[in-house]
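Enquirer: Below is the structure, and that's it, no one-letter string:
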């Protein structure tokens, strides 16, 4: 399973190592062009095609594409951003191959006229290494192609998408992107991901052994990343062997904690308990059948904190969650006290929603408590919560969403699951995964509460925190994908068994 995400620099190192081991760079370029052609002919019948070539190796790939398509009988033209005489190295060799094979076909200058009559556009202008806005005639031609609804095939990335960050300045959407050896963060992070269309990762002869010299710390969130840490069920065990999880249930907004508790139970926690103020006990007890509900006396957070401390004396409790619906009827100071009590218990803790927002005026208080905590903590902020909690220079100046999540994990000492269409899961030690396995239908109220409960359930069963957060994000997305349109959060807990079944059916990696 191909799951490593390589930076532009790491991909250059992989190319260099392959060349040093004896594979000429031009051979890699030919393999790349051939891979693009294979992807094209699998999806389109022969048609008038314009290949747009840039000044570097991405343009060289484009010339190879043109030669191979021409050999298959396709009507192909080439337009180049620079004169062919200005090309260097392998790109110049590729251009010469086109000129030798197609002596009657002139390489046209890149301008708006080059699109006339085209029915397919191959974008080989700039690759993932571009770190400035796409502008001038290159931007104009791609914009015109987009306006004309011409299908665009991008080589490596759509021109204008930055490979390391997913930023897009002047890029337009491609229908297909063909990249090589491994994906880059820009293929997974928004908005780059949305502009790539279908993505094909092609083998061009780079051996996986080169990865050992690249210090890879970023992965596409796939089961291969975390499956070896998946909790194993002891055939001779009982429910406490599968973990006892506890969810704090707020006194008013009770739906959030109920969703989290159901998700926790569904993903395999042996026992799940909701603790809540006594006045909310009838709501929880009447709605949750397989989940225990423990009432806490009193009408204020201070008394609930005392009751919570007593509950935490039970050494069978495995992991804790607070946040979903927590602030209903409770002030932020009260929630902070409950959070700090949980952190002081020495158990894995998931902090979501209100438990994060409650610390936005004093994040250092939370970070100090997390770092003084002997067990893992997972924070699950959405964009607004993240911005409020991590409004500090060391995070604010970080570049991409991936960079920000990593900086936040280092600063807080917690695993940070930074939610969104491109959810990033970062650990304090620098490991990070980007989750692409999730549909837009998850943008619905309560879906995050279900995700928090799933993480809790895996922590309760002993799964390490980073892997638990990655696994929960993948399964959460898988459940939603299986349901399709019309999804609401209430549907999600009941969809978890199906996702678990599909996970179990996947081949094991060796």
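Expert: In hand now; what should we look at? Fair warning: this is a prediction, and the values are worked out from it, not measured in the lab.
Enquirer: Next up, the contacts around the closest residue to residue 486 other than its chain neighbours.
Expert: Leaving aside its sequence neighbours, residue 486 sits nearest to residue 441 (C-beta to C-beta, 6 or more residues apart in numbering; 7.9 Å). From N, CA and C alone the C-beta is placed, and that goes for glycine too. If you count contacts by C-beta atoms under 8 Å, 6 or more residues apart in numbering, residue 441 has them with 480, 483, 484, 485, 486, 487.
Enquirer: and residue 441, that one's in a helix?
Expert: Yes. The assignment for residue 441 is a helix, going by DSSP: H, G, I helix; E, B strand; the rest coil.
Enquirer: Quick check, pLDDT for it.
Expert: For residue 441, the pLDDT comes out at 98.
Enquirer: how far away is it from residue 418?
Expert: According to C-beta to C-beta, to the nearest Å, residue 441 and residue 418 sit 20 Å apart.
Enquirer: domain parsing for this protein?
Expert: 27-216, 223-505 (automatic domain parsing).
Enquirer: lowest-confidence stretch among those domains?
Expert: Lowest mean pLDDT within the domains of the chain: domain 223-505, at a mean of 93.
Enquirer: what's the first-to-last distance across it?
Expert: One end of domain 223-505 to the other measures 12 Å (C-alpha to C-alpha, to the nearest Å).
Enquirer: got the residue ranges for the helices in the stretch 351-500 of the chain?
Expert: 354-357, 363-371, 383-389, 393-396, 401-412, 447-460, 465-483, 492-505 (DSSP state H, counting those that start in this stretch).
Enquirer: now those as JSON lines including mean neighbour count?
Expert: Below are these laid out as JSON lines (neighbours: other C-beta atoms under 10 Å):
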{"stretch": "helix 354-357", "mean neighbour count": "24"}
{"stretch": "helix 363-371", "mean neighbour count": "18"}
{"stretch": "helix 383-389", "mean neighbour count": "17"}
{"stretch": "helix 393-396", "mean neighbour count": "14"}
{"stretch": "helix 401-412", "mean neighbour count": "23"}
{"stretch": "helix 447-460", "mean neighbour count": "30"}
{"stretch": "helix 465-483", "mean neighbour count": "25"}
{"stretch": "helix 492-505", "mean neighbour count": "16"}
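Enquirer: neighbours of residue 9, just the number please.
Expert: For residue 9, the count of nearby residues is 12 (other C-beta atoms under 10 Å).
Enquirer: residues contacting the closest residue to residue 414 other than its chain neighbours?
Expert: Using C-beta to C-beta, 6+ apart and skipping the chain neighbours, the partner closest in space to residue 414 is residue 377 (4.1 Å). Residues near residue 377 by C-beta under 8 Å, 6+ apart: 343, 348, 349, 350, 351, 370, 412, 413, 414, 415, 465.
Enquirer: Regarding residue 194, what is its secondary structure?
Expert: Counting by three-state DSSP, the backbone at residue 194 sits in helix.
Enquirer: which residues sit in contact with it?
Expert: Counted by C-beta under 8 Å, 6+ apart, residue 194 has contacts 173, 421.
Enquirer: Roughly how far does it sit from residue 487?
Expert: Noted for residue 194: a distance of 20 Å to residue 487, by C-beta to C-beta.
Enquirer: pretty sure residue 498 is touching residue 475, no?
Expert: No. The criterion here is C-beta atoms under 8 Å, and residue 498 misses it with residue 475 at 9.8 Å.
Enquirer: what about the residue nearest to residue 375 when sequence neighbours are not counted, neighbour count?
Expert: Ranked by C-beta to C-beta, 6+ apart and with sequence neighbours excluded, the top spatial neighbour of residue 375 is residue 348, at 4.8 Å. Look at residue 348: counted by other C-beta under 10 Å, it has 28 neighbours.
Enquirer: Might one say that residue 348 is in contact with residue 321?
Expert: No. Residue 348 sits out of contact with residue 321 when judged by C-beta under 8 Å, with a separation of 9.6 Å.
Enquirer: what's near enough to touch residue 388?
Expert: Contacts of residue 388 were listed using C-beta under 8 Å, 6+ apart, and they are 357, 360.
Enquirer: oh, I was asking about residue 14
Expert: For residue 14, the contact set (C-beta under 8 Å, 6+ apart) comprises 6, 181, 182, 206, 210, 211, 214.
Enquirer: now do 6 Å
Expert: By C-beta atoms under 6 Å, 6 or more residues apart in numbering, residue 14 lies in contact with 206, 210.
Enquirer: roughly how far apart are it and residue 69?
Expert: Per C-beta to C-beta, residue 14 is found 27 Å from residue 69.
Enquirer: Enumerate residues external to stretch 24-34 that contact any of its residues.
Expert: 19, 60, 61, 64, 65, 68, 90, 93, 94, 180, 204, 205.
Enquirer: Oops, could you answer that again for stretch 394-405 instead?
Expert: Stretch 394-405 is touched from outside by 165, 185, 189, 407, 408, 411, 416, 418, 424, 426, 432, with contacts defined as C-beta under 6 Å, 6+ apart.
Enquirer: Give me the buried entries from these.
Expert: By neighbour count, with 16 or more other C-beta atoms under 10 Å, those hold 165, 185, 189, 407, 408, 411, 416, 418, 424, 426, 432 as buried.
Enquirer: can you list those in a markdown table and add distance to residue 283?
Expert: Formatted as a markdown table, the buried ones among the contacts of stretch 394-405 follow (distance: C-beta to C-beta, whole Å):
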| residue | distance to residue 283 |
| --- | --- |
| 165 | 45 |
| 185 | 44 |
| 189 | 40 |
| 407 | 40 |
| 408 | 34 |
| 411 | 37 |
| 416 | 32 |
| 418 | 32 |
| 424 | 35 |
| 426 | 36 |
| 432 | 39 |
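Enquirer: Tell me which of these fall in strands.
Expert: Among the buried ones among the contacts of stretch 394-405, the residues falling in strands (DSSP state E) are 416, 418, 424, 426, 432.
Enquirer: Can you name the residues that contact the fourth one?
Expert: It stands for residue 426. 405, 406, 409, 416, 432.
Enquirer: now, which of those sits nearest residue 151?
Expert: Of all the contacts of residue 426, residue 432 has the smallest distance to residue 151: 33.1 Å, by C-beta to C-beta.
Enquirer: from what I can see the closest one touches residue 218, true?
Expert: Yes. Residue 432 is within contact range of residue 218, at 5.1 Å (criterion: C-beta atoms under 6 Å).
Enquirer: returning to that earlier point: I'd like to know which of the helices of the stretch 351-500 of the chain lies nearest to residue 270.
Expert: Between residue 270 and the helices of the stretch 351-500 of the chain, the shortest gap by C-beta to C-beta is with helix 447-460, which sits at 7.7 Å.
Enquirer: who's in contact with the closest one?
Expert: 243, 245, 256, 259-260, 263-264, 267-269, 318-319, 321, 324, 348, 350, 352, 378, 380, 468-469, 471-472, 476, 489, 492.
Enquirer: rerun that using 7 Å as the cut-off
Expert: Outside helix 447-460, the residues within contact range by C-beta atoms under 7 Å, 6 or more residues apart in numbering are 231, 243-245, 247, 256, 259-264, 267-269, 318-319, 321, 323-324, 348, 350, 352-353, 378, 380, 382, 419, 465, 468-469, 471-473, 475-476, 489, 492-493.
Enquirer: Now, those residues that are in strands?
Expert: 244, 245, 247, 319, 321, 350, 352, 378, 380.
Enquirer: so the second one bridges to which residues?
Expert: Read it as residue 245. Under the criterion DSSP bridges, residue 245 forms beta bridges with residue 272, residue 319.
Enquirer: Ok, the last one next?
Expert: Taking DSSP bridges, one obtains residue 352 as the residues bridged to residue 380.
Enquirer: what about it, neighbour count?
Expert: 31.
Enquirer: isn't it right up against residue 354?
Expert: No. Using C-beta atoms under 7 Å as the test, residue 380 is too far from residue 354 to be in contact (11.7 Å).
Enquirer: any idea how far residue 194 is from residue 79?
Expert: With the distance defined as C-beta to C-beta, residue 79 ends up 26 Å from residue 194.
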